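>>> mind looking at a prediction? Sequence and model below.
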Amino acid sequence: MSAAPVNDDALAEPLRSRWSPTFFDDTQALDRAQVTTLLQAARWAPSAGNSQPWVFLVAERGSGTRAALEEHLSRGNAWVRRPAVVLLGCTQVGPDPAAPPSGKPAKDPAYAHHDLGQAAAHVTLQARAMGLDAHQFSGFDKDAVAAALGLPDHVRLLTGIAVGHRGDPAAAPEAEREREAKPRTRKPLDEVALVRWGEAW
């Protein structure tokens, strides 16, 4: 079966306008209600067996949590210092030794990783629906940040989501202006929608 070409304008908002900027306005903050709404969006994401294995560490600009992250950013992710808030995505990858025994086997960590991804996607789309922008990233020393923030062994820190107001691209350094101006592209559908390996849908 061959699929007719689909115009991306058929996608629902905020999927159409979602973008991952790197030049955020470093003068604007998010209030507690806005951050709470983002976290509520993650809270209502689906998960395997309703296990909800995710935890988000809230790193607001100027906080100790943010300082711990910024100390361990990769060189290419200096832009993460600008957004109003960063949510550090963690997921449970083993049994919690402090929890009472439930008699149930631990979930496969692969599902926990998938579920954290769903929660992160919910945050990203909720941010856009609120007129904000979000950029997911992984360029930081996760072990060092996890140790600094006291994560236990059964929880793994995976990624960050920077959220804030987009800055004026004209004020960005030249290298960042070029990155901001790049068109949004994706693989063609026939590379990602198959009926069997090597055969497009």
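Structure's in. What do you need?
>>> quick one: strands adjacent to the helix or strand where Thr91 lies?
Element membership for Thr91 (DSSP states H and E) is strand 85-92. Taking DSSP bridges as the criterion, strand 85-92 sits next to strand 54-60 (antiparallel), strand 155-164 (antiparallel) in its sheet.
>>> chain center to that strand, what's the gap?
8 Å (CA atoms, centre = their mean, to the nearest Å).
>>> quick one: mean pLDDT over it.
Mean pLDDT, strand 85-92: 97.
>>> same check, this time on stretch 148-159
The pLDDT scores in stretch 148-159 average 97.
>>> over to stretch 185-198?
pLDDT averaged over stretch 185-198 gives 93.
>>> do I have it right that Arg177 meets Thr22?
No. Judged on CB atoms under 8 Å, Arg177 makes no contact with Thr22 at a distance of 10.2 Å. Every C-beta, even on glycine, is put in place using the N, C-alpha and C of the backbone.
>>> so can I have a markdown table of the strands paired with strand 85-92 showing mean neighbour count?
Formatted as a markdown table, these follow (neighbours: other CB atoms under 10 Å):
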| stretch | mean neighbour count |
| --- | --- |
| strand 54-60 | 20 |
| strand 155-164 | 22 |
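>>> of those, which approaches Ala172 most closely?
strand 155-164 (14.1 Å; CB to CB).
>>> show me which parts of the very next helix or strand once past the closest one are buried, residue by residue.
Going down the chain from strand 155-164, the next helix or strand is helix 174-181, by DSSP H and E. The neighbour-count check on helix 174-181 (16 or more other CB atoms under 10 Å) flags 176, 180 as buried.
>>> right, and the helix or strand after the strand holding Thr91?
helix 109-129.
>>> tell me the angle of the helix or strand following that following helix relative to strand 155-164?
Counting by DSSP H and E, the next helix or strand C-terminal to helix 109-129 is strand 133-137. Per axes from the mean of the first three to the mean of the last three CA atoms, to 10 degrees, the angle that strand 133-137 makes with strand 155-164 is 150 degrees.
>>> residues in contact with strand 133-137?
Here strand 133-137 makes contact (CB atoms under 8 Å, 6 or more residues apart in numbering) with 18-22, 24, 77, 80, 83, 120, 123-124, 127-128, 159-166.
>>> likewise stretch 110-125?
Contact with stretch 110-125 is made by 14-15, 18, 38-39, 41-48, 51-54, 56, 87, 89-93, 134, 136, 158-159, 161, 163, as judged by CB under 8 Å, 6+ apart.
>>> let me see the mean pLDDT of that stretch.
Averaging the model's pLDDT scores along stretch 110-125 yields 96.
>>> report the buried residues of it.
So stretch 110-125, judged by 16+ other CB under 10 Å, has buried residues 112-113, 115-117, 119-125.
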